[in-house]
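Colleague: Provided below for reference: sequence and predicted model.
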Amino acid sequence: MAEDLKTRVHDFWQANPCGAKFARSEIGTRGFFEELERHRYETEWHIPEVVGFERWRDRDVLEIGCGLATDAVRFARAGANYTGIDLTEGSIALASRRFDLEGLTGDLRVADAENLPFPESSFDLVYSHGVLHHTPDLEKAINEVHRVLRPEGIAMVMLYHRHSYNYYINIMTLRRIGVRLLKFSWGPRLVKALTGEDEVRLTQLREQYLGDSERMLSRAEFLNQNTDGAGNPLARAITKREALDLFSRFGSVRTKVHFLNKRWIPLAGRIMPRLIEKNLASLFGWHLWIIARK
């Protein structure tokens, strides 16, 4: 069962490279990567501040789930000894293309977060942003992070936060109301007009809803389908308490919450000043950062 689920996770992300939808340029071109980078740090402006890419110069860094290498190139530009893994061949091919375009060096390879192909105590930092909540055995993956870290090494892991505006209001309330409109033939067009969501994606959701509405509206399946696109086979959102339990083998653990996902806050989201956004995100944000020292 777990291997079948992992295969479906692989196939979904192979077909839908993370973040690719945010660029209009031809995939794999310099313009494509520049658009991705601009979008990421305009939307998630807190990442450079939290990670401090320049802090990792000459240090051994592993990124689990490097995707299209947006954070990866920041580490490499800053002089880190960078290693990036991803479950999908497509992402590694695009990440390698990006490194080549910028003349950067790094070890990029296909690998599984639950079975890291590295010896114990190999890295000073293990970084993973928005990835491990998609792996079937999250606990095993966290144990692998601990194993490959050196003593006093740091883990920086972002997982979706259950106690958030995005989970309770956007996904489990507004979207559940919206998905019921999809049963009508005109539903996808109306929801697109109201939210700006892609009509193709909404049509896919409509097909799933009509096929088995009870299953789709279950909390677990609804979360799967409303985080990273229709067809996503697995997503999780955890609490701070659950995060502390997962990282209990580490010597010290702290958590912080970021990213409010303002576009899903009606009216106020578009005009919200950054200071207010930052304060609200620290309470109700969607991204739960766990920073743990071995």
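Modeller: Yep, it's here.
Colleague: Name the residue closest to the centre of this structure, please.
Modeller: Nearest to the geometric centre of the chain sits residue 130, at 2.4 Å (Cα atoms, centre = their mean).
Colleague: Quick one: the helices in the stretch 101-250 of the chain, in order.
Modeller: Per DSSP state H, counting those that start in this stretch, the stretch 101-250 of the chain carries helices over the ranges 138-148, 165, 176-181, 187-195, 199-211, 213-216, 219-225, 240-246.
Colleague: circling back: I'd say the residue nearest to the centre of the chain and residue 157 touch.
Modeller: No - using Cβ atoms under 8 Å, residue 130 makes no contact with residue 157, being 9.4 Å away. C-betas here are computed from N, CA, C, even on glycine.
Colleague: ok so, going back, and residue 276, which of the helices of the stretch 101-250 of the chain is closest to it?
Modeller: helix 165 (13.1 Å; Cβ to Cβ).
Colleague: I'd like the helices of the stretch 101-250 of the chain laid out as TSV, including mean neighbour count.
Modeller: As requested, these are exported to TSV (neighbours: other Cβ atoms under 10 Å):
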stretch	mean neighbour count
helix 138-148	19
helix 165	20
helix 176-181	16
helix 187-195	16
helix 199-211	16
helix 213-216	13
helix 219-225	17
helix 240-246	16
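Colleague: Throw those helices into TSV and include distance to residue 234 and mean pLDDT, thanks.
Modeller: Shown next, in TSV, are the helices of the stretch 101-250 of the chain (distance: least, Cβ to Cβ, whole Å; pLDDT from 0 to 100):
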stretch	distance to residue 234	mean pLDDT
helix 138-148	10	98
helix 165	22	93
helix 176-181	19	86
helix 187-195	24	81
helix 199-211	15	83
helix 213-216	14	86
helix 219-225	6	93
helix 240-246	16	97
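Colleague: what about the residue nearest to residue 89 when sequence neighbours are not counted, distance to residue 86?
Modeller: The spatial neighbour of residue 89 that comes closest, neighbours along the chain excluded (Cβ to Cβ, 6 or more residues apart in numbering), is residue 110 at 5.6 Å. Counting by Cβ to Cβ, to the nearest Å, the separation of residue 110 from residue 86 is 6 Å.
Colleague: And residue 189, by the same measure?
Modeller: The gap separating residue 189 from residue 86 is 36 Å, by Cβ to Cβ.
Colleague: quick one: buried residues of stretch 49-64?
Modeller: Residues 51, 53, 56, 59, 60, 61, 62, 63, 64 are the ones in stretch 49-64 that count as buried (16 or more other Cβ atoms under 10 Å).
Colleague: Just the ones of those residues in strands?
Modeller: Of those, the ones assigned to strands by DSSP state E are 60, 61, 62, 63, 64.
Colleague: Just give me the closest of the buried residues of stretch 49-64 to residue 124.
Modeller: Residue 124 lies nearest to residue 59 out of these, by Cβ to Cβ, at 4.2 Å.
Colleague: Do you know the pLDDT at the closest one?
Modeller: We have a pLDDT of 98 for residue 59.
Colleague: ok, which stretches of this structure are strands?
Modeller: Applying DSSP E to the chain gives strands spanning 60-64, 81-86, 107-110, 123-129, 149-160, 252-258, 287-293.
Colleague: mind checking how far the closest residue to residue 255 other than its chain neighbours is from residue 218?
Modeller: Leaving out its chain neighbours, the residue that sits closest to residue 255 by Cβ to Cβ, 6+ apart is residue 240, at 5.0 Å. When distances are taken as Cβ to Cβ, residue 240 and residue 218 turn out to be 24 Å apart.
Colleague: low-scoring stretches of the stretch 51-200 of the chain, by residue?
Modeller: Scanning the stretch 51-200 of the chain for pLDDT under 70 picks out nothing.
Colleague: Tell me who's in contact with the residue nearest to residue 278 when sequence neighbours are not counted.
Modeller: Excluding its sequence neighbours, the residue lying closest to residue 278 (Cβ to Cβ, 6+ apart) is residue 46, at 7.6 Å. Residues in contact with residue 46 (Cβ atoms under 8 Å, 6 or more residues apart in numbering) are 258, 259, 278, 281.
Colleague: for residue 243, same thing?
Modeller: The contact partners of residue 243, by Cβ under 8 Å, 6+ apart, come to 159, 253, 255, 288, 290.
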